[in-house]
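Visitor: Predicted coordinates and the sequence they were generated for:
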Amino acid sequence: MSSAPLNSLVKYDPPVLVNTTKKLSKPATGAKKGADGKAVSQTEDILNSILPPREWTDDGQLWVQYVSSNPATRLDVINLQELLDQRLQQRQGRETGI
C-alpha cells in the first residue's frame with residue numbers, strides 16, 4: 001500500500017475511511033440504490049472484481065476508493081479523450097508499431 005493513490009483515467013467515487021480491521025464492505029449510499037437492490041450490488045461486485053478498489057494509508061488510517069458505477073456522459077468521454085491524448089503526447093506514445 002502506498003501513501004496516496006496514483007492518477008488514473010478511471011473515474012472513482014470519493015474515498016472512504018475504513019476501520020483498522022480492514023473490513024472492505026462498501027457503505028450503502030442512497031444514490032446507488034435502484035429498484036432492484038440485488039442487481040445493483042451484483043453489478044458493483046462484478047465491477048470491483050474487474051477493477052479492484054484502491055487502498056492506501058494516510059496517518060495510520062486505511063482509505064479505500066471504489067470505481068464509480070455511474071454511467072459516463074458525453075462530456076465525460078470528450079474530457080477523457082483529451083486527457084488520454086495529452087498523456088500519450090507527454091509519454092511520446094506512437095499511434096502504430098513499436
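Guide: That came through fine.
Visitor: Can you give me the neighbour number for residue 12?
Guide: 14 (other Cβ atoms under 10 Å). For every residue, glycine as well, the C-beta is placed using N, CA and C.
Visitor: That one contacts residue 66, correct?
Guide: Yes. Assessed by Cβ atoms under 8 Å, residue 12 is found in contact with residue 66 at 6.7 Å.
Visitor: low-confidence ranges in the protein?
Guide: 1-5, 20-40, 98 (pLDDT under 70).
Visitor: how about 50 then?
Guide: 28-33 (pLDDT under 50).
Visitor: Go ahead and confirm residue 83 touches residue 8.
Guide: No. Here residue 83 lies out of contact with residue 8, judged by Cβ under 8 Å, at a distance of 10.3 Å.
Visitor: in a helix, that's where residue 17 is, yeah?
Guide: No. Read with DSSP: H, G, I helix; E, B strand; the rest coil, residue 17 is strand and lies in no helix.
Visitor: List the beta-bridge partners for it.
Guide: On the basis of DSSP bridges, residue 17 is bridged to residue 63.
Visitor: And for the helix ranked longest in the chain, what's in contact with it?
Guide: Ranked by number of residues, the top helix in the chain under DSSP state H is helix 74-90. Contact with helix 74-90 is made by 9, 11, 72, 93, as judged by Cβ atoms under 8 Å, 6 or more residues apart in numbering.
Visitor: Now list the buried members of those residues.
Guide: Neighbour counting by 16 or more other Cβ atoms under 10 Å classes none of these as buried.
Visitor: Can you add secondary structure and distance to residue 46 and give these back as a markdown table?
Guide: Conversion of these to a markdown table gives the following (DSSP: H, G, I helix; E, B strand; the rest coil; distance: Cβ to Cβ, whole Å):
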| residue | secondary structure | distance to residue 46 |
| --- | --- | --- |
| 9 | coil | 20 |
| 11 | coil | 17 |
| 72 | coil | 17 |
| 93 | coil | 30 |
